[in-house]
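heads up, no residue letters with this:
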């Protein structure tokens, strides 16, 4: 029973309070860095995707033309 109380009681853990505040600040910085890194990775992915689509359109002009025609037809028949 005393063993379980030690695990549940945050005051009995010892001098971790200083490290928790420091760790929380580091977590915020890591979150900001990871958010910026995620945006960079996403931008890179979208650039590569756009490049791949352009390459596919150049390599398969008939299919690209048919896709453009279908898109134009969808836009003509779309009702606002």
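Happy to help now that I have it. Because the structure is a prediction, the values reported are computed rather than measured.

Next one: residue 37 relative to residue 30, how far apart?
10 Å (CB to CB, to the nearest Å). Bear in mind the C-beta positions are built from the backbone N, C-alpha and C, glycine included.

what's the answer for residue 56, then?
From residue 56 across to residue 30, the span is 38 Å (CB to CB).

With residue 50 instead?
Taking CB to CB, one finds residue 50 at 30 Å from residue 30.

cool, residue 75 as well?
Distance check for residue 75 against residue 30: by CB to CB, it reads 44 Å.

and the longest helix anywhere in the chain, what other elements does it pack with?
The residue-count maximum for a helix in the chain (DSSP state H) belongs to helix 17-59. Applying 3 or more CB pairs under 8 Å, 6 or more residues apart in numbering; DSSP states H and E, we find helix 17-59 packed against helix 61-77.

Skip the chain neighbours and tell me the closest residue to residue 57.
residue 64 (3.8 Å; CB to CB, 6 or more residues apart in numbering).

How about residue 58?
With CB to CB, 6+ apart as the measure, residue 64 is the residue that lies nearest to residue 58, at 7.9 Å, once sequence neighbours are left out.

Settle this for me: the one you found is touching residue 53, isn't it.
No. Taking contacts as CB atoms under 8 Å, residue 64 lies outside contact range of residue 53: 9.1 Å.

Neighbour count: these two, which is higher?
Just comparing residue 64 and residue 53: by other CB atoms under 10 Å the higher neighbour count belongs to residue 64, 15 against 11.

for the more buried one, what are its contacts?
56-58 (CB atoms under 8 Å, 6 or more residues apart in numbering).

most surrounded residue in those?
Counting by other CB under 10 Å, top hit in the contacts of residue 64: residue 57 with 14 neighbours.

For residue 40, see how far away that one is.
Residue 57 is 26 Å from residue 40, by CB to CB.
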